[in-house]
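Visitor: give the three-dimensional model of this entry:
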Amino acid sequence: MGLVKKFQVTFDCAEPARVARFWCDVLGYVVPPPPEGFATWDDYDRSLPPERQGSAFACVDPTGVGPRLFFQRVPEGKVVKNRVHLCVRVGTGLVGEERLATLEAECTRLVALGAVRVRLLPADGDEESLIVMQDIEGNEFCLD
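Guide: Numbers count the residues shown, from 1 in each chain. Take a look at the predicted model:
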């Protein structure tokens, strides 16, 4: 049996701190403590050369179970559909109207945080329903 490895999910984005804080709110993640010797992340950021200030940010699962999410600034905007996306599992084990009500309630909460609802994919006999959404910079994710 192979060793399970920890991994990080990296997002390219325009505003790393803003996008990271959005995902903290979505997932219940937290911003890790700043590097040793710095009281805040702002202090650390100010210590960097100007071209690197604001260029990266991260958030972590406070329980240590989920992957670290890392956000890095890139000059280009999003152009095409993501090849990888997060599925936010809020309806696990639920079916039918109960599942739909749970997905809709979470969708409403996330829209208030700045997410965009794209479309509902209704249950089709093989798959349960899910809602396709976009984060605050247009990256697709699913509520399922």
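Visitor: just the buried positions in the longest helix along the chain, please.
Guide: Ranked by residue count and defined by DSSP state H, the top helix of the chain is helix 96-112. For helix 96-112, a neighbour-count test (16 or more other C-beta atoms under 10 Å) marks 99, 100, 103, 106, 107, 110 as buried. Bear in mind the C-beta positions are built from the backbone N, C-alpha and C, glycine included.
Visitor: from the chain's centre, how far out does it sit?
Guide: 17 Å (C-alpha atoms, centre = their mean, to the nearest Å).
Visitor: name the helices or strands packed onto that helix?
Guide: Secondary-structure packing of helix 96-112 (3 or more C-beta pairs under 8 Å, 6 or more residues apart in numbering; DSSP states H and E): strand 116-121, strand 130-134, strand 140-143.
Visitor: would a markdown table of these with distance to residue 69 be doable?
Guide: Listed next are the helices and strands packed on helix 96-112 as a markdown table, based on distance: least, C-beta to C-beta, whole Å:
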| stretch | distance to residue 69 |
| --- | --- |
| strand 116-121 | 19 |
| strand 130-134 | 16 |
| strand 140-143 | 12 |
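Visitor: cheers, nothing more for now.
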